[in-house]
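Asks: Quick one, structure for this:
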Amino acid sequence: QVQLVESGGGLVQAGGSLRLSCAASGRTFGSLAMGWFRQAPGKERELVSGITRNSGTTYYADSVKGRFTISRDNNKNTVYLQMNSLKPEDTAVYYCTARYDVFGRITATGSNYPYWGQGTQVTVSS
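Replies: Residues are numbered from 1 along each chain as shown. Next up is the predicted model:
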């Protein structure tokens, strides 16, 4: 089993920055592809960013390209999402997700991720 615990959410003004962290339990972190999904009220859940187990491939949704950066530290079992130039439309609950990375691919389908954190609220005020 993999347990994921997010931290770093909060309230920030537009144009500000936040860094989300997700700590994973267990000894298999280096085998996991990691993702950050978000869901805003009334909207579908979407993959914001993803990273393969060796950081060889990253993915960003078009809406966050150039503003968000995903990274991971396999020695600390932690994945990060640095969010800069935040906009009110970034307001959502952000979820850390994980799946075993067999083929070095990132999938945007939430049901392909068996492990989810509890979510952390990000609110961007205008």
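
Asks: so which helix or strand takes in the most centrally placed residue in the chain?
Replies: With distances taken as C-alpha atoms, centre = their mean, the residue of the chain nearest its centroid is Trp36 (2.1 Å). Per DSSP states H and E: Trp36 is located in strand 32-39.

Asks: Sheet partners, orientation included, of that strand?
Replies: In the sheet, strand 32-39 lines up against strand 46-51 (antiparallel), strand 92-100 (antiparallel) (DSSP bridges).

Asks: those strands in the protein, which residues are they?
Replies: For the chain, strands defined by DSSP state E occupy the ranges 4-7, 10-13, 18-24, 32-39, 46-51, 58-60, 68-73, 78-83, 92-100, 115-116, 120-125.

Asks: among those strands, which is nearest Thr109?
Replies: Among the strands of the chain, strand 46-51 comes nearest to Thr109, with 8.1 Å by C-beta to C-beta. Any C-beta I mention is one placed from the backbone N, CA and C, and that applies to glycine too.

Asks: where does the protein have low pLDDT?
Replies: Applying pLDDT under 70 to the chain flags no residue at all.

Asks: circling back to that earlier point, can you list the strands paired with strand 32-39 in TSV and add mean neighbour count?
Replies: Output for these, formatted as TSV (neighbours: other C-beta atoms under 10 Å):
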stretch	mean neighbour count
strand 46-51	22
strand 92-100	22
